[in-house]
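# Dropping the sequence and predicted coords here.
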Amino acid sequence: MPFTASLAELQVEASCPICLEYLRDPVTTDCGHNFCGSCIHQCWEDLQDILPCPVCLHHCPDRNLKRNMQLGHMTGIVKQLLARRSKRKLREEKALCEQHSQALALFCEKDLELLCPQCKVSPGHRGHPLTPIEQAAAGHRKKLKSYIEPLQKQVEDTEKVLKMQISNLFELRRKVENRKHKLYSDFEQFKHFLGKEQSAVHIRLLTEENHVQEKIIESKNQMLDHHSTLRSLLSEITEKCLQTDLDLLTGIESIHNTYEHLQPPAAFSYELKKEVCSLPPQYFGLQKMISTFQVDLTLDPETAHHTLLISQDRKTATFQKMKPSHAYNPQAFTSYPAVLSCEGFEAGRHFWQVEVTGTGEWSLVQLEDPEGREEFFFAFSGISSLDTKAKF
């Protein structure tokens with residue numbers, strides 16, 4: 001039995017994780033996993049920059065994988081070993097009861113144990129249904145054979161689901177890549193207005209990708225474990241049916257329990273969110289309107305309070321606590337830090353966009369000059385910082 005299990009494990013190691021057949025022209029990735037050369041290249045057929053390992057998702061640098069000649073020879077040896085392994089009859093030995101040293105001739109159907117004639121009358125088996133070994137073996141052999149076809153069907157179904165999960169993993173990658181390209185194209189049209197939104201959407205998308213990816217990998221690993229269990233149990237039952245009556249009935253309870261408690265893991269399904277970022281249709285018309293009627297405003301240094309430093313481009317006002325060092329200007333504000341704009345408007349509706357840094361309070365007021373034109377009035381108040389700035 002240990003030899004059979006070891007041979008089954010060797011058979012799994014010599015199989016491709018993608019097609020589940022024996023490795024053909026095996027290649028090895030940087031992460032150490034082995035695949036058929038044709039299978040791995042078929043998986044990467046529609047991919048460009050990102051080439052993930054189908055088992056662990058490690059990113060491979062390129063498609064040029066080295067052939068594993070030694071693994072190919074080992075796979076050939078495994079195939080020959082399985083082909084040459086013939087059915088052989090085990091010599092039937094006269095098994096004796098360990099407790100009474102008598103020949104085992106009966107089988108307890110309740111406890112699933114081999115018994116000798118003296119065990120038959122023991123208190124532990126009194127009243128239990130007992131049958132001769134030959135009859136018990138025939139019945140259990142028939143029951144074990146009834147397991148084979150359902151197990152084979154479960155193996156086939158598991159292989160199909162496993163292939164589907166692997167395909168879903170690559171489909172997820174493809175959809176995410178397509179979604180990224182579409183998002184990038186959309187954001188290029190208005191990235192000045194939605195730069196922060198672009199980063200947030202990418203984070204949500206990557207989070208969703210990682211979550212779905214973890215679920216798919218978890219489901220795939222569960223399928224692999226279940227598939228390995230099914231193959232091992234199928235191999236064990238097939239081997240068991242070829243054994244003698246005594247060996248067949250020895251340990252039969254474990255096989256029955258394993259088969260009766262088989263529970264295939266549920267396959268994980270997913271669906272990416274369809275809507276990632278959407279804008280109202282009037283957004284683009286609004287931006288066109290703004291660009292059409294936009295007016296460049298500047299500050300008038302002649303009206304600036306002595307604590308306000310106006311930049312050369314007249315776009316920035318910086319508050320600085322200092323004493324006046326320049327000549328008196330009758331147009332400048334003297335009672336509080338404030339400055340007027342150079343431009344005025346005779347009619348229309350207006351809005352102002354101001355960037356303020358530092359601490360303190362500020363206000364923006366629309367006034368009417370002596371000529372009837374409207375201009376804006378910007379003032380600092382409650383200032384507690386020396387580097388408060390306002391950019392228009």
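Ah, there it is. Numbers count the residues shown, from 1 in each chain.
# use CA for all of it now, contacts and neighbours both
Fine.
# Run through the strands of the stretch 101-250 of the chain in chain order.
Listed in chain order, the strands of the stretch 101-250 of the chain (DSSP state E, counting those that start in this stretch) span 106-108, 113-115, 130-132.
# ok now the first one, how far from the chain's centre?
Pointing back at strand 106-108 there. If you compare the mean C-alpha spot of strand 106-108 with that of the full chain, they lie 53 Å apart, counting by C-alpha atoms, centre = their mean, to the nearest Å.
# what pairs with that strand, and is each one parallel or antiparallel?
Applying DSSP bridges, strand 106-108 is found paired with strand 113-115 (antiparallel), strand 130-132 (antiparallel).
# Point out the most buried one among those.
Highest mean neighbour count among the strands paired with strand 106-108 (mean count of other C-alpha atoms under 10 Å): strand 113-115, with a mean of 22.
# how about the helices of the stretch 51-200 of the chain, start to end?
Secondary structure of the stretch 51-200 of the chain (DSSP state H, counting those that start in this stretch): helices located at 69-84, 117-120, 133-241.
# and the ones you listed as JSON lines, adding mean neighbour count, mean pLDDT and distance to residue 56?
Formatted as JSON lines, these follow (neighbours: other C-alpha atoms under 10 Å; pLDDT from 0 to 100; distance: least, C-alpha to C-alpha, whole Å):
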{"stretch": "helix 69-84", "mean neighbour count": "14", "mean pLDDT": "82", "distance to residue 56": "20"}
{"stretch": "helix 117-120", "mean neighbour count": "16", "mean pLDDT": "82", "distance to residue 56": "55"}
{"stretch": "helix 133-241", "mean neighbour count": "16", "mean pLDDT": "84", "distance to residue 56": "8"}
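# Turn those helices into JSON lines, including distance to residue 312.
Formatted as JSON lines, the helices of the stretch 51-200 of the chain follow (distance: least, C-alpha to C-alpha, whole Å):
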{"stretch": "helix 69-84", "distance to residue 312": "74"}
{"stretch": "helix 117-120", "distance to residue 312": "110"}
{"stretch": "helix 133-241", "distance to residue 312": "26"}
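# Identify whichever of these lies nearest to residue 264.
Nearest to residue 264 among the helices of the stretch 51-200 of the chain is helix 133-241 (6.6 Å), distances taken as C-alpha to C-alpha.
# so how far is the closest one off the chain centroid?
Here helix 133-241 is found 12 Å from its chain centre; the criterion is C-alpha atoms, centre = their mean.
# packing partners for that helix?
helix 2-13, strand 106-108, helix 245-249, helix 252-260 (3 or more C-alpha pairs under 8 Å, 6 or more residues apart in numbering; DSSP states H and E).
# Let me see the domain layout of the protein.
Annotated domains of the chain cover 1-87, 129-293, 295-391 [automatic domain parsing].
# Just send those back as CSV, with distance to residue 100 too.
Below are these laid out as CSV (distance: least, C-alpha to C-alpha, whole Å):
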stretch, distance to residue 100
domain 1-87, 27
domain 129-293, 17
domain 295-391, 96
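# Which of the ones you listed sits closest to residue 111?
Closest approach to residue 111 among the domains of the chain (C-alpha to C-alpha): domain 129-293, 8.7 Å.
# Can you give me the neighbour number for residue 98?
11 (other C-alpha atoms under 10 Å).
# how far away is it from residue 119?
As defined by C-alpha to C-alpha, to the nearest Å, residue 98 lies at a distance of 11 Å from residue 119.
# ok, now residue 200?
75 Å.
# Over to residue 335?
In terms of C-alpha to C-alpha, residue 335 sits 115 Å off from residue 119.
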